[in-house]
Structure formats: C-alpha cells, structure tokens
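K.L.:
sequence-free structure coming up:
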Ligand SMILES: Cc1cc2nc3c(=O)[nH]c(=O)nc-3n(C[C@H](O)[C@H](O)[C@H](O)COP(=O)(O)O)c2cc1C
C-alpha cells in the first residue's frame with residue numbers, strides 16, 4: 001500500500017513534503033522541461049521585492065569544496081512585473097505556489113504581500129528576512145529577535161495566507177529567532193538560508209565574488225542546517241521546512257527525522273534538475289520498506305535515548 005505523504009505546513013496542505021529552495025528554481029517555469037513540476041509538494045519562487053533590483057556586482061557564483069558561494073543580491077524585476085508577466089504561468093499549476101518576498105524596509109514587505117494576497121494562484125508566502133537591510137543600517141532582520149518579531153507582526157496583519165518565515169543561520173542561537181517569528185504570528189519556519197562566507201584569488205589577492213562575501217550552500221552546510229532544524233523543532237511548535245545541502249533522499253530523511261515537516265532542495269537543482277523527484281521517490285521507498293504508513297510518524301522521530 002502507498003504510504004501517506006501529505007503534510008500540513010501551518011495550514012498549507014501539500015500532497016508531499018518535497019519542495020524547492022527559493023532562488024534555485026527560477027519562477028518554476030524555467031525548469032518545466034526538466035522536471036514534472038506538478039509532482040512536487042510545492043514550488044517556491046525566487047525572492048520578489050517591491051522594486052526592481054539589479055543585484056550585486058559579478059562574479060556572483062563560485063564553486064567551493066562541497067558547495068557553492070553566491071551573491072546574487074535579490075536580482076528581480078519587482079512585484080508589478082511578477083503580476084503582469086509571471087503569475088499567468090501558474091494558472092494550471094497542480095502543485096502549490098509559495099511566493100518568496102524580500103524588502104529593504106518593513107513597509108516594502110507589507111506592500112508586496114498586500115498586493116499579492118488576492119491572487120488565487122498563490123497558496124502561501126515565504127518571508128526572506130535574511131537579506132541585508134538598509135533601513136536597519138546593514139543589519140539582517142533574521143539576525144535580530146526584535147526586528148524579526150516586528151516584521152512578522154506587521155505582515156501578519158495584511159494576509160490570511162500561510163506565512164512562512166525563512167531564517168538566517170548566521171546567528172549564535174537560531175531558536176531565539178524562531179521563537180520571535182512564532183510569537184510574531186508566523187505559521188511555519190523555513191531554515192536555513194545560506195551561511196555567510198568568502199573566497200580569495202591568491203594570485204590577485206582579490207575576493208573571488210564581486211560582493212566580497214556571499215552565501216554558502218550545498219552539501220558542505222548540511223550538518224549545520226540539520227542541527228539547526230533539530231534545535232528549532234525542540235524549541236517551538238511550528239512546522240519546519242528544512243533545507244541545506246539536500247542532495248538525495250537520505251539527506252531529506254535526516255531532516256524529516258530531525259523535525260522537518262517538509263524539505264526543500266536548493267543547490268542540487270543546478271547539478272541535477274531531477275533531484276527533487278529522486279528525493280520524493282526515495283522517501284516513498286523508505287516508508288514502504290520500513291512499513292511506515294504515514295510520513296507524519298517519521299517527522300521529529302529522532303531517537304536520542
Ligand atoms: C544561487 C542561489 C540563489 C538563492 N536565492 C535565494 C533567494 O532569492 N531567496 C531565498 O530565500 N533564498 C535563496 N537562496 C537560498 C536557498 O533557497 C537555500 O536556502 C540555501 O541555498 C540552502 O539550501 P541548499 O544547500 O540546498 O542550496 C539561494 C541559494 C542559491 C544557491
């Protein structure tokens with residue numbers, strides 16, 4: 001018998017727990033010819049902001065041992081362009097669409113979410129609060145409990161759609177930020193975004209990335225991300241979308257056992273665009289093999305005794 005794969009992410013009902021990481025799957029459309037998108041639990045758009053953003057100075061991507069550094073700088077054409085040119089592609093989508101939203105001020109987040117909340121194509125929002133923030137003098141919202149709480153509270157007021165808050169791993173205690181997001185009114189937590197890193201060209205003694213620093217993703221970060229998912233699962237009651245270096249079903253299962261109700265594949269999409277489907281098939285095979293009828297039995301089942 002086929003196991004039950006449905007999960008509920010703070011009111012967002014998914015037919016299975018496998019999704020993509022924001023920014024690693026374009027707007028979904030770009031991957032259509034490589035992946036059966038409708039088999040996924042959800043797709044997450046690249047982060048959208050109120051205004052068009054040019055992004056950071058190239059080079060923006062650099063491969064490292066076991067991972068990659070990126071500094072894209074939230075390049076996108078802004079919310080109006082998304083509504084006019086992208087939303088129509090989701091009309092016949094048979095999976096859930098989560099729109100990732102970023103901003104430079106709280107009011108930018110609020111405006112974008114207010115504007116998008118009425119479109120029936122959209123099932124939930126993911127707040128990307130890990131981007132450098134001008135209003136707060138270069139502070140990252142997700143690195144500060146009060147800023148996180150305040151932003152989530154403000155956004156909560158303008159939408160009834162499930163609100164997922166994506167946290168930054170660049171903090172000493174991730175559970176404090178997760179708690180602030182929960183108390184602000186989040187329905188779910190996504191973790192993790194990338195780890196701040198850098199690389200240097202020793203010939204020129206210059207940084208490899210145009211932005212000097214960038215975000216590290218891929219297999220190199222998996223043990224760190226997994227530890228954070230486990231810590232947050234132990235501290236708060238919200239469902240968690242776990243990500244960070246998931247390359248195969250075994251990686252995804254580790255996140256689920258640590259406490260993630262769903263998982264997102266990011267960097268692996270660039271290596272093998274079918275990773276999500278392989279992860280999904282592998283999770284199903286595992287459940288069958290271990291006679292687990294419902295994936296909910298596996299979520300947070302880590303045995304530390
Ligand atoms: C090239 C690239 C672009 C990304 N862009 C975004 C983005 O726009 N918004 C966001 O919330 N996360 C973004 N991320 C972070 C991923 O969604 C994910 O959280 C992170 O890469 C960890 O997962 P992974 O190791 O599987 O890639 C980006 C990651 C990469 C590699």
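P.N.:
That came through fine. Values in this document were obtained by computation on a predicted structure and should not be read as measured data.

K.L.:
these two touch, right, residue 34 and residue 271?
P.N.:
No - using Cβ atoms under 8 Å, residue 34 makes no contact with residue 271, being 11.9 Å away. Where you see a C-beta, it was placed from the backbone N, CA and C, and this is true even at glycine.

K.L.:
list, one by one, the residues from the stretch 1-150 of the chain near the ligand.
P.N.:
With the criterion set to Cβ under 6 Å from any ligand atom, the stretch 1-150 of the chain comes near the ligand through 21-24, 46-47, 68, 70, 72, 74, 100, 128.

K.L.:
repeat the analysis, applying 5 Å as the threshold.
P.N.:
For the stretch 1-150 of the chain, the contact set with the ligand under Cβ under 5 Å from any ligand atom comprises 21-23, 46-47, 70, 128.

K.L.:
go on, the stretch 151-300 of the chain?
P.N.:
Selection of the stretch 151-300 of the chain residues close to the ligand by Cβ under 5 Å from any ligand atom yields 193-194, 217-218, 243-245, 266-267.

K.L.:
looking at these, which are in strands?
P.N.:
Secondary structure assignment by DSSP state E places 217, 243 of those in strands.

K.L.:
and the residues of the stretch 151-300 of the chain next to the ligand as JSON lines, adding pLDDT?
P.N.:
Below are those laid out as JSON lines (pLDDT from 0 to 100):
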{"residue": "193", "pLDDT": "95"}
{"residue": "194", "pLDDT": "95"}
{"residue": "217", "pLDDT": "97"}
{"residue": "218", "pLDDT": "98"}
{"residue": "243", "pLDDT": "98"}
{"residue": "244", "pLDDT": "98"}
{"residue": "245", "pLDDT": "98"}
{"residue": "266", "pLDDT": "98"}
{"residue": "267", "pLDDT": "98"}
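
K.L.:
out of the residues of the stretch 151-300 of the chain next to the ligand, the closest to residue 17 would be?
P.N.:
residue 243 (11.5 Å; Cβ to Cβ).

K.L.:
closest residue of the stretch 1-150 of the chain to the ligand?
P.N.:
In the stretch 1-150 of the chain, the residue that lies nearest the ligand is residue 23 (1.9 Å; Cβ to the nearest ligand atom).

K.L.:
the residue nearest to that residue when sequence neighbours are not counted: what's it in contact with?
P.N.:
Distances taken as Cβ to Cβ, 6 or more residues apart in numbering place residue 46 nearest to residue 23, at 4.8 Å, with adjacent residues excluded. Residues near residue 46 by Cβ atoms under 8 Å, 6 or more residues apart in numbering: 22-23, 25-27, 76, 100.

K.L.:
mind doing that once more with 7 Å?
P.N.:
22-23, 26-27, 76, 100 (Cβ atoms under 7 Å, 6 or more residues apart in numbering).

K.L.:
where's it relative to residue 101, distance?
P.N.:
From residue 46 across to residue 101, the span is 11 Å (Cβ to Cβ, to the nearest Å).

K.L.:
for residue 4, what are its contacts?
P.N.:
Contact analysis of residue 4 by Cβ under 7 Å, 6+ apart lists 293-295.

K.L.:
buried only: go through the residues you listed for me.
P.N.:
residue 295 (16 or more other Cβ atoms under 10 Å).

K.L.:
in a markdown table, list the contacts of residue 4 along with secondary structure and pLDDT.
P.N.:
Shown next, in a markdown table, are the contacts of residue 4 (DSSP: H, G, I helix; E, B strand; the rest coil; pLDDT from 0 to 100):
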| residue | secondary structure | pLDDT |
| --- | --- | --- |
| 293 | coil | 98 |
| 294 | strand | 98 |
| 295 | helix | 98 |
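
K.L.:
appreciated, that's everything.
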